[in-house]
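Novice: Next input, structure requested:
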Amino acid sequence: MRIAIPIDRDSVSSSLGTCSAFHFYEDDHGKIVRQFLVDAESSGIDAALALLERYGIDALVCGSISESERKAVASAGIISFPAASAAPDDAALQFLGGAIVFDENNTCNACGHGHTCSMNCESCKIH
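Specialist: Numbering: from 1, shown residues only. Predicted coordinates:
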């Protein structure tokens, strides 16, 4: 499996279109056998998806991406696993260990309530 994690300032990014790079991982039976960093070539979701498709990515482990980004990722045949918040290497290991799982209703987990929202997490925090 080939896994991609968008990063910004050495942390998992919540936006594919504005991340600075992608950390790519290849696994063999749950163990990382290869990893490398690729700078984002340009901004925007289309450029990000083209990069992911070029590297044959199967899974995207990311922060709380928007619904439109999730749909674009899914239409490219890539399964998204949002709500990661660790350093990229830790997030990859958490994913491979089963701690980060796919939840089609999880578009935002930043506020800790586990519900979907419009990505305005500051307003979620006051509920």
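
Novice: give me the element the residue nearest to Tyr55 when sequence neighbours are not counted is part of.
Specialist: Excluding the flanking residues, the one nearest Tyr55 by C-beta to C-beta, 6 or more residues apart in numbering is Phe24, at 6.0 Å. In this view, the C-beta of every residue, glycine as well, is placed from N, C-alpha and C. Secondary structure from DSSP states H and E places Phe24 in strand 21-28.

Novice: For that strand, what is the distance to the chain centroid?
Specialist: 11 Å (C-alpha atoms, centre = their mean, to the nearest Å).

Novice: Quickly run through the sheet partners of it, with directions.
Specialist: Each strand that pairs with strand 21-28, with its direction, by DSSP bridges: strand 2-8 (antiparallel), strand 31-39 (antiparallel).

Novice: What is the subsequent helix or strand relative to the last one?
Specialist: Okay, so that is strand 31-39. Next along from strand 31-39, by DSSP H and E: helix 45-54.

Novice: Show me what that next one packs onto, helices and strands only.
Specialist: For helix 45-54, the contact count by 3 or more C-beta pairs under 8 Å, 6 or more residues apart in numbering; DSSP states H and E identifies strand 21-28, helix 67-75 as packing neighbours.
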